[in-house]
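Q: Quick one: sequence plus predicted model below, questions after.
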Amino acid sequence: MTKVPISLHEAAIERYYRQDPKSRQPIGDPVLNEARSAMSAARGFAEQIASSTSAIMRDESKPLPARLIASKGVATRLGELAAKRLDAAVASAKTELEKIARETAPPAPRNPHEAQLQSEVRGVLRGMNDQKRAEAINAAITGADDLTALAFLNGPPLLTGASDSERGLRLEQWRRARYGDTVEREARLRLALEATERGGQSLVAWLQNLSENPETKLAEGRAEAARVAERVGEKAEA
């Protein structure tokens, strides 16, 4: 029987659950739950495909071309069901990650006065050397000085003398400091999303290898030619 892809397994998702520190049991997460369920369902469909196509190909009472075409039909039907579950889980994870990104983004100035203050702070930061600016930003983030931190994060790096990479690093530092648990969950969801996408990709590659091979295409071509010839014959008789 054809082996199902290793990456198409719910264990690839289970590793990203957070564990309860006392019971050491995984803590439920709706997005991870959906991804785990989708991977389990997709694996089940893939196992059905492997079992059914193997049985079809062993049935020598039918000609090989008919068996190849029947096998592809089963693989396509069940493969679409598996892909649909995985696609839904991927979409849910992306939606949740987008939501987290919005909720943990640095807030814009609440009023013109706050915007002016941030602008002035950026001017001060721009006048510092790299080391002094780095120290000031680090102190602001670790000390919950949001005026300085948000002035740095809300302006283009050019206005503070920093580089794009420095701003990116400080943004993640600020997000971890303010939304630690949420950012930690975000990292786990990203890894689970990647695992789900890998499962989908391996499923597609496996199905293509299983049913989009030269022998099956040749059988389908001959079957279609026979149907065309039959229709032409029927018209000629009419």
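A: Okay, I see it.

Q: Quick test: name the residue nearest the centre of the protein.
A: residue 193 (3.2 Å; Cα atoms, centre = their mean).

Q: distance of that residue from residue 173?
A: 23 Å (Cβ to Cβ, to the nearest Å). In short, each C-beta sits where N, CA and C put it, glycine included.

Q: Next: residue 78.
A: Distance of residue 78 to residue 173, given as Cβ to Cβ: 47 Å.

Q: Which one's more surrounded, the two?
A: A side-by-side neighbour count of residue 78 and residue 173, using other Cβ atoms under 10 Å, places residue 78 first with 21 against 16.

Q: which phi and psi does that one have?
A: phi -70, psi -30 (degrees, to the nearest 10).

Q: check contacts around it.
A: Neighbouring residues of residue 78 by Cβ atoms under 8 Å, 6 or more residues apart in numbering: 45-46, 48-49, 52.

Q: related to what we said a few turns ago, so the residue nearest to the centre of the chain, which state does it fall into?
A: helix (DSSP: H, G, I helix; E, B strand; the rest coil).

Q: How about it, nearest residue that isn't a chain neighbour?
A: Using Cβ to Cβ, 6 or more residues apart in numbering and skipping residues adjacent in sequence, the residue nearest residue 193 is residue 93, 4.2 Å away.

Q: In contact with the one you found: list those residues for me.
A: Neighbours of residue 93 in contact, by Cβ under 8 Å, 6+ apart: 31, 34-35, 189, 192-193, 196.

Q: got the contacts of residue 78 as CSV, with distance to residue 11, pLDDT and neighbour count columns?
A: Shown next, in CSV, are the contacts of residue 78 (distance: Cβ to Cβ, whole Å; pLDDT from 0 to 100; neighbours: other Cβ atoms under 10 Å):
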residue, distance to residue 11, pLDDT, neighbour count
45, 17, 96, 24
46, 15, 96, 26
48, 19, 95, 17
49, 20, 95, 26
52, 24, 93, 18
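
Q: now the strands for the protein?
A: Secondary structure of the chain, counting by DSSP state E: no strands present.

Q: The residue nearest to the centre of the chain touches residue 97, doesn't it?
A: Yes: the criterion here is Cβ atoms under 8 Å, and residue 193 meets it with residue 97 at 7.1 Å.

Q: Tell me where the model's unsure across this structure.
A: 1, 212, 214, 217-238 (pLDDT under 70).

Q: repeat that with 50
A: For the chain, the stretches with pLDDT under 50 are 225, 228-229, 232.
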